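Student: Quick one, structure for this:
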Amino acid sequence: MTPVDIAHKFATRLGTTLDEQAAQQLASIFVRQEVSKGETLLAEGQVARNFLIVEQGLTRQYYYKNGIEVTEHFCCEWEVVYCTDSMLMREPTTLMIEALEDGVVHNVPFDEFRRLCDESPQIMKLYVRLLEDGLVESLRKTDAQRFESARERYETFVRQYPEAARRAPGKHIASYLLMTPESLSRVRAGLL
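Tutor: Model prediction:
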């Protein structure tokens, strides 16, 4: 798949379109990276300078709370992973990004992307959609944690993220859902 095709696919995933000129502008800043399972793509303490478009594979964002890994987010094909506060505020991140499968990602340098936003209304619209998508996802997760039972959280996760539910290790799914692996097993077995 060419970088221009990836730009179009990225836009489509976010519910918008790019004409050829905007797609070529965006594609020109992509940096393709092959990743290996277990590879850290962003480490704690680094400043996030890129967002990543996942072309192939599965990634997760996670952080440590009281010495325990807590999964914040999963991304698979044609989804975008980024650390909002670090990228926008240019501060060291507490969120890490790890490849859960071998794959291919496209690094999009944030400063160059913002420059393109100033030049192209279509790319600016894409940026707004990217931020809106992240905000809605964050609100949905927060609401699920506040209002849903363990079973409901799991069912919502499977419905909204079927690929991650199928491909991610159970321990990471459990931490995403804020439950123990044992509780996740009981939910899956219909015992909880």
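Student: and the most centrally placed residue in the chain, what are its bridge partners?
Tutor: Closest residue to the average C-alpha location of the chain: V81 at 3.0 Å, with CA atoms, centre = their mean. Taking DSSP bridges as the rule, V81 bridges to L52.
Student: how long is stretch 155-165 from one end to the other?
Tutor: Separation of the first and last residues of stretch 155-165 by CA to CA, to the nearest Å is 10 Å.
Student: I meant to write stretch 85-97 there.
Tutor: This stretch, stretch 85-97, spans 14 Å end to end (CA to CA).
Student: Contacts for that stretch next, please.
Tutor: Here stretch 85-97 makes contact (CB atoms under 8 Å, 6 or more residues apart in numbering) with 40-52, 59-64, 72, 81, 83, 110. (C-beta placed from N, C-alpha, C; glycine too.)
Student: contacting residues around the residue nearest to the centre of the chain?
Tutor: 41, 51-52, 54, 59, 61, 73, 75, 97.
Student: how about a cut-off of 6 Å?
Tutor: 52, 59, 75, 97 (CB atoms under 6 Å, 6 or more residues apart in numbering).
Student: next one: E55
Tutor: Here E55 is in contact with V104 (CB under 6 Å, 6+ apart).
Student: quick one: average pLDDT of whichever helix or strand it is part of?
Tutor: Applying DSSP states H and E as the criterion places E55 in strand 50-56. For strand 50-56, mean pLDDT is 96.
Student: ok now that strand, how far from the chain's centre?
Tutor: Mean-position distance between strand 50-56 and its chain equals 8 Å (CA atoms, centre = their mean, to the nearest Å).
Student: ditto for stretch 173-188
Tutor: A distance of 20 Å separates the centroid of the chain from that of stretch 173-188, by CA atoms, centre = their mean.
Student: Equivalent analysis for stretch 77-87, please.
Tutor: In this view, stretch 77-87 has its centroid 5 Å away from the chain centroid, taken as CA atoms, centre = their mean.
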